[in-house]
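K.L.:
sequence and predicted model, in that order:
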Amino acid sequence: MRPRIPRSALVGILAGRLPHGALRVNTTVESVDPATGRVVVAGTAETFEADLVVAADGIWSRTRSALFPGHPAPVYAGVTSWRAIVPLPGLTGASETWGRGLVFGVMPLAGGQVYCYATAAVPPGLRAADERDELRRLFGRWHDPIPALLDAADPAAVLRHDIHSLDIPLPAFHTGRVALLGDAAHPMTPNLGQGACQAMEDAVVLAGRVFPGRDPAAGLAAYSRERLARTTPIVRRSRAIGRLTRWRNPLAVALRDGAMRAAGRLGPNVALRQGDRVFTWAP
């Protein structure tokens, strides 16, 4: 297994490839006009006009709401999540363990660190005074190395977010000169680990369809068509897996776990082949 790197490191690598002065941080966009590509910067008189505006403003995208008013917003997927990067040198194995309405995942990173994630089927909006203590309450008696990871975690570094998904896909990923990308276009649950992956695929396809010398309208139409066809089944499949992790009924959980064990006896390639269409994409 190749060593993984934190997402922050990947962002740093990508940002380092930008021309000097191209990245402006702490800048809020007030509005975007899809007809002209005019962007208004909040709190200033500054405006830009662009042939293409790419809105990657996240799951609660204001741009998406402006382009598609009235379209249903992302809905709570029934689970809250925790994430943390924990220093624990020597851990090499990745795993994901399912319980009754609970999941705990372990992914070793480069540099002796471990990415940990967990979910629990609870009502939205709940928060604990100390989220690491909440994780200990839920997972402290689970199998190794989970208790050691929780002990090594910095309480201040544990992130908690409720999970949402856009269950009804948008009619398009663009309007006029504005294209939506990543969570702004197709918010999904993390059960297939595809949120950031699909955002990067979006960027690759967008760059291949909209470029100088080509009609931008035709390129954006092709981008929408291809990415809707690609991401819609992934959003649905991820959501379906997320529903399985929420099961708490002992009989239902026993049947679920039995089916997964039976699939495992057929060999690891059986499960891996189920993900071929998701994981073996090429532009």
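P.N.:
Yep, it's here. As the structure is a prediction and not an experimental result, all values here were calculated from the model. Residues are numbered from 1 along each chain as shown.
K.L.:
need phi/psi at the closest residue to Ala179 other than its chain neighbours.
P.N.:
Counting by C-beta to C-beta, 6 or more residues apart in numbering, Ala179 lies nearest to Val54, which is 5.2 Å off, once chain neighbours are set aside. Glycine gets a C-beta too; all of them are placed from N, C-alpha and C. With angles defined as degrees, to the nearest 10, Val54 sits at phi -100, psi 110.
K.L.:
what about Ala42, neighbour count?
P.N.:
10 (other C-beta atoms under 10 Å).
K.L.:
cool, and Ala73?
P.N.:
Residues near Ala73, counting by other C-beta under 10 Å, number 13.
K.L.:
cool, and Leu23?
P.N.:
Neighbours of Leu23 using other C-beta under 10 Å come to 11.
K.L.:
give me the element it is part of.
P.N.:
For Leu23, there is no enclosing helix or strand under DSSP states H and E.
K.L.:
so how far is Arg17 from it?
P.N.:
Separation of Leu23 from Arg17 (C-beta to C-beta, to the nearest Å) stands at 10 Å.
K.L.:
quick check, Ile163 in a strand?
P.N.:
Yes: judged by DSSP: H, G, I helix; E, B strand; the rest coil, Ile163 forms part of a strand.
K.L.:
find the centremost residue of the protein, please.
P.N.:
Gly195 (2.7 Å; C-alpha atoms, centre = their mean).
K.L.:
look up how far Arg230 lies from it.
P.N.:
Gly195 is 14 Å from Arg230, by C-beta to C-beta.
K.L.:
thinking again about what came up before, what is the burial count for the residue nearest to Ala179?
P.N.:
Other residues within reach of Val54, judged by other C-beta under 10 Å, total 20.
K.L.:
same question for the one 3 residues further on.
P.N.:
Close neighbours of Asp57, defined as other C-beta under 10 Å, add up to 18.
K.L.:
worst-scoring helix or strand of the protein, pLDDT-wise?
P.N.:
helix 268-274 (a mean of 64; mean pLDDT, DSSP states H and E).
K.L.:
so after that one, what's the next helix or strand?
P.N.:
Assigned by DSSP H and E, the successor of helix 268-274 is helix 276-279.
K.L.:
from the centre of the chain, point out the most distant residue.
P.N.:
Ala45 (34.1 Å).
K.L.:
tell me the contacts of Thr97?
P.N.:
Residues near Thr97 by C-beta atoms under 8 Å, 6 or more residues apart in numbering: Val103, Phe104, Gly105, Trp142, His143, Ile146.
K.L.:
and it, that's in a strand?
P.N.:
Yes: residue state for Thr97 (three-state DSSP) corresponds to a strand.
K.L.:
partners of it in the sheet?
P.N.:
Taking DSSP bridges as the rule, Thr97 bridges to Phe104.
K.L.:
report pLDDT for the closest residue in space to Ile168 that isn't next to it in sequence.
P.N.:
Leaving out its chain neighbours, the residue that sits closest to Ile168 by C-beta to C-beta, 6+ apart is Pro72, at 4.9 Å. The model reports Pro72 with a pLDDT of 98.
K.L.:
residues in contact with Pro72?
P.N.:
By C-beta under 8 Å, 6+ apart, Pro72 lies in contact with Leu166, Asp167, Ile168.
K.L.:
can you pull the contacts of the closest residue in space to the second one that isn't next to it in sequence?
P.N.:
Closest residue in space to Asp167, ignoring its immediate chain neighbours: Val75 at 5.8 Å, by C-beta to C-beta, 6+ apart. For Val75, the contacting residues are His164, Ser165, Leu166, Asp167, by C-beta under 8 Å, 6+ apart.
K.L.:
how about Ser165?
P.N.:
Taking C-beta under 8 Å, 6+ apart as the test, what Ser165 contacts is Pro74, Val75, Ala77, Pro187, Met188, Thr189, Val235, Ser238, Arg239, Gly242.
K.L.:
what's across from it in the sheet?
P.N.:
Beta-bridge partners, per DSSP bridges, of Ser165: Val75.
K.L.:
how much space between it and Val235?
P.N.:
Distance, Ser165 to Val235, by C-beta to C-beta: 7 Å.
K.L.:
shared neighbours, those two?
P.N.:
With C-beta under 8 Å, 6+ apart, Ser165 and Val235 have common neighbours Pro187, Met188.
K.L.:
all helices for the stretch 51-200 of the chain, in order.
P.N.:
For the stretch 51-200 of the chain, the helices defined by DSSP state H, counting those that start in this stretch cover 62-67, 131-139, 146-152, 195-209.
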